[in-house]
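K.L.:
The sequence and its predicted three-dimensional model are supplied below.
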Amino acid sequence: MLFNSFEFMIFFPLVVILFLIIPKRLRSIWLLIASYYFYMSWNPRYAVLIIFSTLITYLSGILIERFPEERKRKWVVAGSFICNLAILGIFKYANFALDSLNALFSIVGISFTDRRLDLLLPVGISFYTFQALGYTVDVYRGTIKAEKSLINYALFVSFFPQLVAGPIERSGNLLKQIQNIKELHIFNYTQMRDGLMLMFWGLFQKLVIADRASICVNNIYNSYSDYSITELSVATALFAFQIYCDFAGYTNIARGAAKVMGFTLMDNFRQPYLSTSIGEYWRRWHISMTTWFRDYLYFPLGGSRKGTLRKYINITIVFLVSGLWHGASWHYVAWGMVNALFQIIEDIRDRMIRRFTKAKSSVSLPGRCIRVCINFIFICFTLIFFASGSTHMAVDIIRRMITQPATFAMSGFGIDTADWITLIAALILLIAVDIIHECGISITSFINSKRLWFRFIIYAGAIWSIILFGIYGTGYDTGQFIYFQF
Amino acid sequence: MKYNVFKYMLTILLFITFLFIIGKALRYILNDDTESYTRITYHEMYEQDNIDVLFLGPSHCMHSFDPSQLDNKLNMNTFNAASSSQALDGSLLILKEACKYNDIKHVYLDLFYNNSYDIHKERTQMTNAYIISDYLKPSADKYVYLLNASGSEHYANSFIVARRCWKKMFEPGYIPGLLKKKNTEAYRNYEYVKHENAEYAGKGYIKNLPSVKDWDFFDTWGWVPAAPETFSGDYKNDLKNIIDYCKEHNIKLTLISAPTSNFCLTAIGDYDDYIAWVRSVAKENGIEYYDFNLCKEQYFPSTSEYFIDPVHLNYKGADKLADTFSELVNGKVSYDDMFYDSYGEKLKSLEPTVFGVTFMNEYADNGEIIKNCRIVSSSPETLEYRISVSPDNSDEYLLRDYSSDPSFIMDPDVTGTVTVEYRSSDGSGKINKATILTVK
């Protein structure tokens, strides 16, 4: 059940209405049922895996607290990791491993195996697995106490707004809210209004921008050999906005839906394309994942505390894992490696600048704008690896961008003038909103401080923009959210 | 607390009203219905004092029954609520809507076999439903109809008219031009729409002006035989629903089929199978079925003069049909006198004819268009056909010499004329040269 589907339009209001009217003690159970229904609407068999993951991590938490000996506690953590990562490995990486081994053996003329596992990748498996593993580590570290209520814990793992594409929540945030579900949530008009606005903004990002940009990107990338640097660059830049609006759109719908019910989910994006370096970009992009890797991988590896070389190795490991997390394919690994390389180069550059200049120089506004633009070009470069179907294709695209003479064929993008106008106008709006947020101004607060008629115009404008300009319904293949496949 | 809840509810209600008003405004400035026939048809339907007799069906029916003539001949208030490609679920909606405001005594439901494969949830285009739903008053029946008429991917377009035409807002001058057209007395007063070859003639009847000449049938319909065993469940259910509705409301229902050209029915082939199926439905439900394709020549002659194309009557045809129809309904001519038992029997009674060519484009795997053509003939003996093509910008060439195969393939890019010569397969008899056909 997609957030932008007709089914969700029926499902969500029903869940909320019942959530508000049933006795408070039944709220967790109700949300758990709704979450499993939501998840099983893709494929009921997926539920087995999430139940397994939930039970393993739930029991791990209880055992970790029960065992006083450090050694036993570590064994429990290791057991939880092995079980969860084994599921992830089998369902997500087994065929990738077989294909890679085949390719490796074929170099020396040996046919390893031509068999592939007939497995469907369960939606959102990477997200809920990481969320559940994060809980195990948090209990081990003593950051939180093990959850005794299986229902509360199962709801924490499967909470439907963020189940399939995040944000990857921390037990310290979401689980605590679930534990306090009886006290925390009563009907709150402001919270509902703000939640709905967030959902509408997310739908706008997804339906008006991401899905429209995806038509252009798919058209160009599917026949990339017919195009030159101009079309490929425009398509790559559009892909940057597509993936941002697709993922941030999902996150906003998820956060909005949670907010309507009184839950606060963590923010996942902070104007990532306004960053001036790749390092900063990664502090603003998919925050719940990057902080997860930081807290549960980078820091345990030693972070930057064990010397420069070790720091660079750690960065490389984190991005290697991050690449693989995104997808079982070498082009995701290449994407991760390019990001790691850029970060290391940036770090070396910054060290050299610090060595030769004493005072921290402030950057002027035009200077910052230029840096943002240059950084965006670097981000787009990395995204070529992400958007391509293979590493070979990515390299081929880059080669074409360098070697082919520039031409420009508007028709190749596959959208008409009305769609172009809509897309460009929507992108201008998106950038404007990001700049306003970057300046520390809350658009929501601004709107809410205005009179009713003004708010009505804004809300109605938002809703009608989605209804009229959204890519959905007949004539369109309703787009999946890109991050569902991860 | 109670005050707050009331305040919030009122705010939400106000907001929904505001959204609705914007929707209406957007529809007004974006949706061009200034040339729509059904806008006027259904407006007139609501304006009638009382409709006694209601005609329902597709465009085939819309062009065949002229209430201005039938009113006098039947001495009742008749109304033609048919619309282009009206499916049976649409007919039922209109019937329900008409029954809310009228004491309807008799419904004539035109059945045209072409809709019989219709599956609601698999409909790919909904224009034929929208030309009904857009102009009927808001009602639960209408919304239920729209929900059942298609898959959910159509719902946005079904319920939000402006969504269908949002791109028009980017066409320079479109909105001012449309507003200008709508801001006229003619539009506001539902004045009758006139087009080059057809015009709205009142009470739902669309008067077609020109007629086709013999041997000018060259069409794109790609007729296939009527096969009742493959009719969709939706089609059968919709028909049953209409029959049941009429029974429940004491409305007399008669199934009819307005005349279609012999070219069309011969091209379809096996038309008697369809007649047999409708007859069995009629018999099962104790209702009558008049198929005017079975009319004897003295009641409705088989001439292309009455048609504007293979399936639609022109005003001359509608005039003639009004006479025939009223004679039958008023009991001046009995059913047995007026109709043949089967279409096969009728064809046998007519001079064997080579009617024309039908074609259907097929798309090959490589995207190429294949223009499959077929010569349609009622001749009982096997004929041989010789086909020549005269493209607009080059010399005539022979596409195929005499052969008994009525099918041939044409270059889809050629525009010009096709000439078909035919003779008996044994080479005897005179060679007839067919009238030149225009390749569209």
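P.N.:
Right, received. Where do you want to start?

K.L.:
Show me where the stretch 1-150 of chain B has its helices.
P.N.:
Here the stretch 1-150 of chain B has its helices, by DSSP state H, counting those that start in this stretch, at B:2-30, B:37-47, B:59-62, B:67-74, B:88-101, B:127-133, B:140-148.

K.L.:
List the buried residues for the first one?
P.N.:
By neighbour count, and taking 16 or more other CB atoms under 10 Å in any protein chain shown as the criterion, the buried residues in helix B:2-30 are B:F15, B:L19, B:I22, B:G23, B:L26, B:R27, B:I29, B:L30. The C-beta positions use only the backbone N, C-alpha and C, and glycine is treated the same way.

K.L.:
so the first one sits right up against A:F456, yeah?
P.N.:
Yes - counting by CB atoms under 8 Å, A:F456 is a contact partner of B:F15 at 5.9 Å.

K.L.:
check which helix or strand covers A:Y39.
P.N.:
Following DSSP states H and E, one finds A:Y39 within helix A:27-40.

K.L.:
what's next to that helix, contact-wise?
P.N.:
Under the contact criterion CB atoms under 8 Å, 6 or more residues apart in numbering or on different chains, helix A:27-40 has outside partners A:1, A:11, A:15, A:18-19, A:22, A:46-47, A:50, A:123-124, A:149, A:151-152, A:154-155, A:158-160, A:163-164, A:178, A:181-182, A:185, A:261.

K.L.:
Buried ones among these?
P.N.:
Taking 16+ other CB under 10 Å as the criterion, what is buried in those is A:1, A:11, A:15, A:19, A:46-47, A:50, A:123-124, A:152, A:154-155, A:158-160, A:163-164, A:178, A:181, A:185, A:261.

K.L.:
Measure how buried the closest residue to B:A318 other than its chain neighbours is and give me the count.
P.N.:
Nearest residue to B:A318 in three dimensions, chain neighbours excluded: B:D66, at 4.7 Å (CB to CB, 6 or more residues apart in numbering or on different chains). Using other CB atoms under 10 Å in any protein chain shown, B:D66 has 25 neighbouring residues.

K.L.:
now B:D66: how far from B:N314?
P.N.:
Distance, B:D66 to B:N314, using CB to CB, to the nearest Å: 11 Å.

K.L.:
What of B:D71?
P.N.:
20 Å.

K.L.:
More neighbours: these two, which one.
P.N.:
B:N314 (22 against 18).

K.L.:
wouldn't that one be in contact with B:A201 here?
P.N.:
No - between B:N314 and B:A201 there is no contact under CB under 8 Å: 11.8 Å.

K.L.:
Now do the shared contacts for those two.
P.N.:
Common contact partners of B:N314 and B:A201 (CB under 8 Å, 6+ apart): B:K207.

K.L.:
And the residue of the stretch 251-400 of chain B that's closest to chain A?
P.N.:
Nearest to chain A, among the residues of the stretch 251-400 of chain B, is B:G367, at 14.4 Å (CB to the nearest CB).

K.L.:
Give me the phi and psi for that residue.
P.N.:
phi 90, psi -10 (degrees, to the nearest 10).

K.L.:
Kindly report the same for B:K252.
P.N.:
phi -80, psi 130.

K.L.:
Could you give the number of residues near it?
P.N.:
Neighbour tally, B:K252, other CB under 10 Å: 14.

K.L.:
Contact partners for it?
P.N.:
B:K105, B:H106, B:V107, B:C246.

K.L.:
pLDDT wise, what is it at?
P.N.:
Looking at B:K252, its pLDDT stands at 95.

K.L.:
For it, name its beta-bridge partners.
P.N.:
When assigned by DSSP bridges, B:K252 has beta-bridge partners B:H106.

K.L.:
Filtering the buried residues of helix B:2-30 by proximity to chain A, which remain?
P.N.:
Restricting these to those touching chain A (CB under 8 Å from any CB of the partner chain) yields B:F15, B:L19, B:I22, B:G23, B:L26.
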